[in-house]
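[1] Quick check, what structure comes out for this input:
(chains A and B)
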Amino acid sequence: MGDTALLIEDLDVSPAAWTQRFSQLAPPGVIDVVPAATTVLIRCSNASDLTQVRRALSAQRVDADDCVASTPIELGDGPGVVEIPTRYDGIDLQWAAEQCALTVDELVAVHSGATYRAEFIGFAPGFAYLAGLDDRLHLPRRQTPRISVPAGSVAISAAYTAVYPRASPGGWHLLGSTELAMFTPEREPPALLPAGTAVRFVPL
Amino acid sequence: MTVTRLTTAGETRPGLVVLQAGVSSTLQDLGRPGYAAIGVTASGVLDVGLATALNRLVGNPPGAAVIETAGGLEVMAAAPVTIVDSTIEVPVTLRAGDVHRVRVRSDRAWGYLAVSGGIVARPVLGSCATDTLSGLGPAPLADGTELAIGRGSEPTFVDAAPLRALPTTIELVVGPRADWLTPAWVDTMSRTVWRSSAASRVGMRLTGTRLQRHPDRTGELPSEGLVRGAVQVPPSGEPVVMLADHPTTGGYPVVAVVAERHLDAIAQYANGQPFRFAVRAQAMGRE
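    Numbering: from 1, shown residues only, chains lettered A, B, ... in the order given. Below you'll find the predicted structure:
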């Protein structure tokens, strides 16, 4: 990906797990390691640091078993699950229920009944793509995105669910809203749902 | 909007008042790299070479905050200040009350104003850069904005840096999703005379020709990481070049990336200014 970055794909494990393993290698001159849906981007300060990264990757092939063993977050209701208090009153709630051949109550029960895992953050600060959405709720994204989706909107699209951290354009279906902040620059860490976090939506 | 000053007394002083904010005037520095994994793009000055050269001329460290503008900016000195901008090649000292218009050169889309001592604002994630996509950082400059500056060091006149002409050909490295286009794309990319039809700090859309998607690529690409200089080709076929405030991930294929040495230049092409691409197959430093 240009003179100073690499895009890694065909991973044996999730991008989040691969990123964790790579961070332990810690080659110098790495500015960003960005997991996404099926890839990891590594950005370096300059071309020679990138060469070092290539060498480190070939010399020490990132092993699938090591990645799984070192992933600390397990799905489940244990400590470490972030709960998102959610008011299910989204503008697309009724429509989505009809599309999924469910009643609104059923849709809410399905969406709030699952434990999700943040796969990666992208699109906007703190916008975490949460994996684990029930097959019954998979809907293609809107043909025409909305110019502005309210901050805190709880939404679904394809295989993911997410919360819009701030008002922005958006093409996902809005099921409800939360007042919990997804991104606060002054907080450490700034993002509420970094990759690997377990998440549940709790109906208000 | 008054920019909050540092809490330590004596480290800042009144510097400038914005009389006319002009077009797209923001505070910028070298940005906040290192947060892409939480969706925060690096942001920072579009033309790193020019901004750092101007900082050097007024005795600032290269990363001192400057004003970046697309034109029409007018400031008044609130106290004696030493400034330089991209059209005056040596620094000048303004007295309190002096008004200064920041002209943007005709051969560059963006200009900079550097002030000895650096402009001081409250940093967000370590930087005073305004990220126009996410809204992080200080608000864009408005009429009446007051800017504080730090205590300056002596400006240096040793290297007045006359600006070189922009290159007319931008070097591209083949990108990770070049196979989303028909193989003829390299030839088309190189033969076409390109122009920017719309540009912002986020990206620049190019016109010249529409690049053909490969017939086998009928689906969508899952979101993946982006970098400054990445050239995305959406279904319309018109390339978009990522600039300083680009989103950290995107779902359009990146077919090429602007070479490191040309990142400043491409951001400086004015709307409608013709240029060419030359495509290089391999990244630098590859074994």
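
[2] At which residues are the strands of chain A located?
    For chain A, the strands defined by DSSP state E occupy A:5-8, A:30-35, A:40-44, A:81-86, A:116-121, A:128-131, A:146-149, A:153-157, A:160-163, A:168-170, A:173-177, A:198-203.

[3] Which of those strands sits closest to chain B?
    Nearest to chain B, of all these, is strand A:40-44, at 2.8 Å by Cβ to the nearest Cβ. Yep, even glycine has a C-beta here, placed from its N, CA and C like the rest.

[4] close to chain B, is the closest one?
    Yes - judged by Cβ under 8 Å from any Cβ of the partner chain, strand A:40-44 and chain B are in contact via A:40-41, A:43.

[5] What helices and strands are in contact with that strand?
    If you count contacts as 3 or more Cβ pairs under 8 Å, 6 or more residues apart in numbering or on different chains; DSSP states H and E, strand A:40-44 packs onto strand A:5-8, helix A:15-25, strand A:30-35, helix A:47-59, strand B:224-225.

[6] Please identify the most buried of the ones you listed.
    Highest mean neighbour count of the helices and strands packed on strand A:40-44: strand B:224-225, a mean of 29 (counted as mean count of other Cβ atoms under 10 Å in any protein chain shown).

[7] what does that one contact?
    Defining contact as Cβ atoms under 8 Å, 6 or more residues apart in numbering or on different chains, one finds that strand B:224-225 is touched by A:1, A:5, A:7, A:32, A:34, A:36-41, A:43, A:122, B:36, B:248-251.

[8] Select only the buried ones of those in ChimeraX?
    The buried subset of these, as determined by 16 or more other Cβ atoms under 10 Å in any protein chain shown, is captured in ChimeraX by this line:
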select /A:1,5,7,32,34,36,37,38,39,40,41,43,122 /B:36,248,249,250
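
[9] coming back round to it: how about TSV for the helices and strands packed on strand A:40-44, with distance to A:S148 added?
    Shown next, in TSV, are those (distance: least, Cβ to Cβ, whole Å):
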stretch	distance to A:S148
strand A:5-8	31
helix A:15-25	30
strand A:30-35	26
helix A:47-59	39
strand B:224-225	26
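
[10] give me phi/psi at B:L54?
    phi -70, psi -40 (degrees, to the nearest 10).

[11] Quick check: closest non-adjacent residue to it.
    B:A114 (4.0 Å; Cβ to Cβ, 6 or more residues apart in numbering or on different chains).

[12] likewise B:D29?
    Take B:D29 and drop its neighbours on the chain: the residue closest to it by Cβ to Cβ, 6+ apart is B:A65, 4.5 Å away.

[13] I figured that neighbour hits B:G117, correct?
    No - between B:A65 and B:G117 there is no contact under Cβ atoms under 8 Å: 10.2 Å.

[14] Tell me which of the two has more neighbours.
    Applying other Cβ atoms under 10 Å in any protein chain shown to B:A65 and B:G117 shows that B:A65 carries more neighbours, namely 28 against 22.

[15] Check what pLDDT residue 158 gets.
    Chain wasn't specified; assuming chain A. With respect to pLDDT, A:A158 scores 93.

[16] The chain in question should be chain B.
    The model reports B:V158 with a pLDDT of 55.

[17] how deep is A:A26 tucked in, by neighbour count?
    By other Cβ under 10 Å, 8 other residues sit near A:A26.

[18] so what's it up against?
    Neighbour list for A:A26: empty [criterion: Cβ under 8 Å, 6+ apart].

[19] The same query, at a cut-off of 10 Å, please.
    A:A26 sits next to A:A56 when contact means Cβ atoms under 10 Å, 6 or more residues apart in numbering or on different chains.

[20] Likewise for A:S168?
    A:123-124, A:127, A:145-151, A:153, B:133-135.

[21] run the last query once more with 6 Å
    If you count contacts by Cβ atoms under 6 Å, 6 or more residues apart in numbering or on different chains, A:S168 has them with A:A124.

[22] Look up the residues forming beta bridges with it.
    Each beta-bridge partner of A:S168 is listed here: A:V149, as defined by DSSP bridges.

[23] SS state for B:H262?
    Three-state assignment for B:H262 (DSSP: H, G, I helix; E, B strand; the rest coil): helix.

[24] if we can go back for a sec, mind putting the residues of strand A:40-44 next to chain B into TSV with distance to A:E179 and pLDDT?
    Output for those, formatted as TSV (distance: Cβ to Cβ, whole Å; pLDDT from 0 to 100):
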residue	distance to A:E179	pLDDT
A:V40	33	97
A:L41	32	97
A:R43	34	97
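
[25] And the most centrally placed residue in chain B, how far from chain A?
    When Cα atoms, centre = their mean is applied to chain B, the residue found nearest the centroid is B:L46 (1.1 Å). Separation of B:L46 from chain A (Cβ to the nearest Cβ, to the nearest Å): 17 Å.

[26] Having no further points to raise, I will conclude here.
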